[in-house]
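In: no FASTA, just this:
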């Protein structure tokens, strides 16, 4: 089975720009979650989508948005990038909503100059 | 609100000796608890999961953890460390039935020959 795939693997942007990160879940998984991991810290929950609906949102500003497509893939968008947005962005998928084990991709490393 | 505290930022062991990574949790509800491992420049891999079944949970690669409600602890152990165990380990809590994972700050395990 193919695991969770994320693209791109690395990205460099400048302050004020916008970025779109992509995630393809494991086949058959309908729930996708996004996490931000700043260097030296544990991941922080950003969003969860299930069946194309937002089911949870973490404590992030409105510059962060996401969506899920009919094939259950997902995009995370960040507008007006700040230096503090530099981080590893992780996508996780699970089979169903609720208390299901989440499987993580290798992440997208976003660097803001 | 849920939270986890990983009591050690770094743990150093010799190959072949036991591993103990400590975690205390706080949760208003019956929690689900997890341990994830992260190797350098990689995503997170699920080691094991507790969801109110047996209090002693066995995971992959010889790891296990014991849920102790009276001590609000969920420590991770392995009888004999291997060089390949060197990585960052995260203790994670979620509210039963929800996908949002709350991560600890991580413990870096160093294994020397």
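Out: The structure has been received and is ready for your questions. This one's a predicted model, so the numbers in the text were calculated from it and none came from an experiment. Numbers count the residues shown, from 1 in each chain, chains lettered A, B, ... in the order given.
In: going forward, measure contacts between C-alpha atoms and count neighbours the same way
Out: Fine.
In: so which bits of chain B are right by chain A?
Out: Contact residues, chain B versus chain A (CA under 8 Å from any CA of the partner chain): B:32, B:41-46, B:49, B:90, B:96-106.
In: pretty sure residue A:47 contacts residue A:58?
Out: Yes - assessed by CA atoms under 8 Å, residue A:47 is found in contact with residue A:58 at 6.1 Å.
In: chain B: strands as residue ranges?
Out: B:3-6, B:10-14, B:19-21, B:23-26, B:31-38, B:44-50, B:56-58, B:64-68, B:73-78, B:87-95, B:102-103, B:107-112 (DSSP state E).
In: turn these into JSON lines, including distance to residue A:39.
Out: Formatted as JSON lines, the strands of chain B follow (distance: least, CA to CA, whole Å):
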{"stretch": "strand B:3-6", "distance to residue A:39": "17"}
{"stretch": "strand B:10-14", "distance to residue A:39": "16"}
{"stretch": "strand B:19-21", "distance to residue A:39": "21"}
{"stretch": "strand B:23-26", "distance to residue A:39": "21"}
{"stretch": "strand B:31-38", "distance to residue A:39": "13"}
{"stretch": "strand B:44-50", "distance to residue A:39": "14"}
{"stretch": "strand B:56-58", "distance to residue A:39": "30"}
{"stretch": "strand B:64-68", "distance to residue A:39": "27"}
{"stretch": "strand B:73-78", "distance to residue A:39": "23"}
{"stretch": "strand B:87-95", "distance to residue A:39": "12"}
{"stretch": "strand B:102-103", "distance to residue A:39": "14"}
{"stretch": "strand B:107-112", "distance to residue A:39": "13"}
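In: most tightly surrounded among the ones you listed?
Out: Stretch with highest mean neighbour count among the strands of chain B: strand B:87-95 (a mean of 25; mean count of other CA atoms under 10 Å in any protein chain shown).
In: dump the strands of chain B into JSON lines; add mean pLDDT and distance to residue A:25 as well.
Out: As requested, the strands of chain B are exported to JSON lines (pLDDT from 0 to 100; distance: least, CA to CA, whole Å):
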{"stretch": "strand B:3-6", "mean pLDDT": "94", "distance to residue A:25": "27"}
{"stretch": "strand B:10-14", "mean pLDDT": "97", "distance to residue A:25": "32"}
{"stretch": "strand B:19-21", "mean pLDDT": "98", "distance to residue A:25": "30"}
{"stretch": "strand B:23-26", "mean pLDDT": "95", "distance to residue A:25": "29"}
{"stretch": "strand B:31-38", "mean pLDDT": "92", "distance to residue A:25": "18"}
{"stretch": "strand B:44-50", "mean pLDDT": "93", "distance to residue A:25": "14"}
{"stretch": "strand B:56-58", "mean pLDDT": "94", "distance to residue A:25": "26"}
{"stretch": "strand B:64-68", "mean pLDDT": "95", "distance to residue A:25": "28"}
{"stretch": "strand B:73-78", "mean pLDDT": "97", "distance to residue A:25": "28"}
{"stretch": "strand B:87-95", "mean pLDDT": "92", "distance to residue A:25": "21"}
{"stretch": "strand B:102-103", "mean pLDDT": "93", "distance to residue A:25": "21"}
{"stretch": "strand B:107-112", "mean pLDDT": "97", "distance to residue A:25": "28"}
